[in-house]
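K.L.:
Curious how this folds, go ahead:
(2 chains)
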Amino acid sequence: MKYFLYWGCSLEGTGANFLLSLRPACEALGMEFEEIHDWNCCGASVSYAGANDLSIKVLNARNLALAESKDKLDIVAPCSSCYVQMVKVNHEIQEDAELLIEVNECLAEGGLHYNGGIKVRHIQDVLYHDIGVEKIKARVTKPLNGLKVAGYVGCQSVRPYGEYDSPIKPRVQDQILEALGAEAVPFPKKMLCCGSGIFLPEMDYCMELVKTILEDAIAHGAQLVSTVCPMCAMNLEMYQDRINKKYGTQLDMPIVYLTQLMSVAFGMDLKRDAALNCNVIPPEGILKAAIG
Amino acid sequence: MASYEPSFALEVFQNVDAGEEINMCMQCGVCAGSCPLRDHMDYPPRQIFTLIRAGKREEVLGSKSIMLCTSCYTCVVKCPRNIPVMDVMHGLAHYALRQGYVPRKETAAFGQEFWKQVYRLGRIDEKDLPRRVFFSAGLVEGIKSTLTFMDVAIRLLLHGRMKLLPEKKIKGIQSLRKMLDKAERMGKGGSVA
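P.N.:
A predicted model of the protein is given here:
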């Protein structure tokens, strides 16, 4: 199955371990990816401070138009922010003919046009609905043997539309974790936002959110926290020492991408295919012990 | 609560992206209850909507709440009247900045530098953006913030999570800018000076 992969700005930098593990893990399941030629940033969630709503829509519509002008494949966006920005614009355009005309007036300035014919999907969506849990399970050669993982869904990967999973009680990530042989622990705070794009400017407030999320994972026995979003990964992983200092906690929880766990469970190379060396809080020991 | 005074509400309907959506609010407070940063808000979204209806322009545009949004969409999912609360808050924050208010200094600087970079490159340079945000507050503040976050930068670098080369402009940057210029002129929310 072939898709456009719109990986966005973060997956070339702070979210490198997501892209590095996503490609081999998904290709092992028969997925093929094509880049959207000359794609641009999605605007993430803070652009409203500089841009009006139509500008942000046009920014995303350019990527959709570029994709539509080429192969009309579904776009897979692994980054939650890229996904939600694009899926939202796409929805609004498809529901509002007037908006589509306005957006096209702007796209025409750069010689582009969008008809509204592209589908935008999250990586969890294609893994669950196109590949399927059974096929993922069948590919596992080194099951995670009951490793206790808290599947952190966060916010933008399922909200607001709940296109492929419930936006209130999501199950997809946990089912994929179970297919890999892990035990998805109960995790009531799995939907609490980590602060997302405003973590840096609102650090004092957002550290409190991360503390609440990680303490909940720990209280439910998690040895690892998995995620499908580069902002979640960054916010949950990089500031644990600051949180410890501020609140006197002893957080030391490895944060891994779901796709890293897939590469591990598929028996692939821990460095080249799972990119475990990119993690600042090392998950390697726990994972090696689990796969034996 | 003060009585209905429609002048500011009309201003919001006409100039704020998604501003007209507040008409649907029935004051249930689910938005406030579902917000991860509610404890830090001066007025929760529900109250912001009431203040708009009461004509309290200063209170609304000067409120930090309108810029404390993490964009998690919980309020959007939970609102029983289908108000895209998040979009309204973003629209209000954008309008406040346009009118010379600064609801949250750091977040405003971050968002504005973010957008400038999108306009300049078509993409985000994760090394360059924080630097610009830090130094937008002045040289001394810039050096202080850089030192504070040096440990994070070094760890990212050591773990192969920092793109070493500077981000290049996308090939279609000129045409992207033309599209965005047009959208800035056409969009209801207008532009932040």
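
K.L.:
what's the burial count for the residue nearest to residue A:185 when sequence neighbours are not counted?
P.N.:
With sequence-adjacent residues excluded and distances taken as CB to CB, 6 or more residues apart in numbering or on different chains, residue A:185 is closest to residue A:220, at 4.5 Å. For the C-beta atoms, the positions are set from N, CA and C on the backbone; glycine is no exception. Residues near residue A:220, counting by other CB atoms under 10 Å in any protein chain shown, number 15.

K.L.:
Get me the contact residues on the stretch 151-292 of chain A for chain B.
P.N.:
When proximity is defined by CB under 8 Å from any CB of the partner chain, the stretch 151-292 of chain A lies next to chain B at A:154-156, A:159-160, A:162, A:167-168, A:191-193, A:195-198, A:200-202, A:205-206, A:209, A:238-239, A:275, A:277-280.

K.L.:
Just the buried residues out of those residues, in ChimeraX syntax.
P.N.:
To isolate the buried members of these in ChimeraX, using 16 or more other CB atoms under 10 Å in any protein chain shown:
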select /A:154,155,156,159,160,167,191,192,193,195,196,197,198,200,201,202,205,206,209,238,239,275,278,279,280
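
K.L.:
Check the contact between residue B:74 and residue A:158; I expect there is one.
P.N.:
No. The criterion here is CB atoms under 8 Å, and residue B:74 misses it with residue A:158 at 10.9 Å.

K.L.:
Show me where the stretch 101-250 of chain A has its strands.
P.N.:
Using DSSP state E, counting those that start in this stretch, the strands of the stretch 101-250 of chain A run over residues A:120-122, A:148-151, A:183-184, A:224-227.

K.L.:
What are the boundaries of the strands in chain B?
P.N.:
Here chain B has no strands by DSSP state E.

K.L.:
how does it divide up, domain by domain?
P.N.:
Listed domain ranges for chain B are B:6-98, B:105-186 (source: automatic domain parsing).

K.L.:
re the thing from before, what's the closest of the strands of the stretch 101-250 of chain A to residue B:24?
P.N.:
Proximity to residue B:24 (CB to CB) singles out strand A:120-122 among the strands of the stretch 101-250 of chain A, at 26.9 Å.

K.L.:
Touching the closest one from outside, list them.
P.N.:
Residues outside strand A:120-122 that contact it (CB atoms under 8 Å, 6 or more residues apart in numbering or on different chains) are A:3, A:64, A:74-78, A:80, A:83, A:86-87, A:90, A:157-158, A:163-164, A:228.

K.L.:
Poorly predicted segments of chain A, please.
P.N.:
Judged by pLDDT under 70, chain A has no weakly predicted residues.

K.L.:
Run through the helices of it in chain order.
P.N.:
With helices called from DSSP state H, chain A shows them at A:16-27, A:53-68, A:80-95, A:97-108, A:123-125, A:133-139, A:172-179, A:203-219, A:230-238, A:240-247, A:258-265, A:284-291.

K.L.:
Could you export the domains of chain B as JSON lines, including distance to residue A:9?
P.N.:
Putting these into JSON lines (distance: least, CB to CB, whole Å) gives the following:
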{"stretch": "domain B:6-98", "distance to residue A:9": "16"}
{"stretch": "domain B:105-186", "distance to residue A:9": "4"}
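
K.L.:
OK, contacts around the residue of chain B most remote from its centre?
P.N.:
No residue in chain B sits farther from the centre than residue B:158, which is 31.9 Å out by CA atoms, centre = their mean. If you count contacts by CB under 8 Å, 6+ apart, residue B:158 has none.

K.L.:
measure it to residue A:288 for me?
P.N.:
21 Å (CB to CB, to the nearest Å).

K.L.:
these two touch, right, residue A:20 and residue A:278?
P.N.:
Yes. Contact criterion CB under 8 Å: residue A:20 and residue A:278 qualify, at 6.9 Å.

K.L.:
out of everything not next to it in sequence, what's closest to residue B:131?
P.N.:
Closest to residue B:131 by CB to CB, 6+ apart is residue B:146, at 7.0 Å.

K.L.:
what's the neighbour count on the one you found?
P.N.:
By other CB under 10 Å, the residues close to residue B:146 number 14.

K.L.:
Low-confidence regions, chain B specifically.
P.N.:
B:1-2, B:193.

K.L.:
Try it again at 80.
P.N.:
B:1-3, B:193 (pLDDT under 80).

K.L.:
Show me the longest helix that occurs in it.
P.N.:
From DSSP H, the single longest helix across chain B is helix B:139-158.

K.L.:
just to revisit the earlier point, now for the domains of chain B, which one comes closest to residue A:105?
P.N.:
That would be domain B:105-186 among the domains of chain B, by CB to CB, at 6.9 Å.

K.L.:
Could you work out the end-to-end span of that closest one for me?
P.N.:
27 Å (CA to CA, to the nearest Å).

K.L.:
how far is it from where the chain is centred?
P.N.:
Centre-to-centre, domain B:105-186 and its host chain are 16 Å apart (CA atoms, centre = their mean, to the nearest Å).
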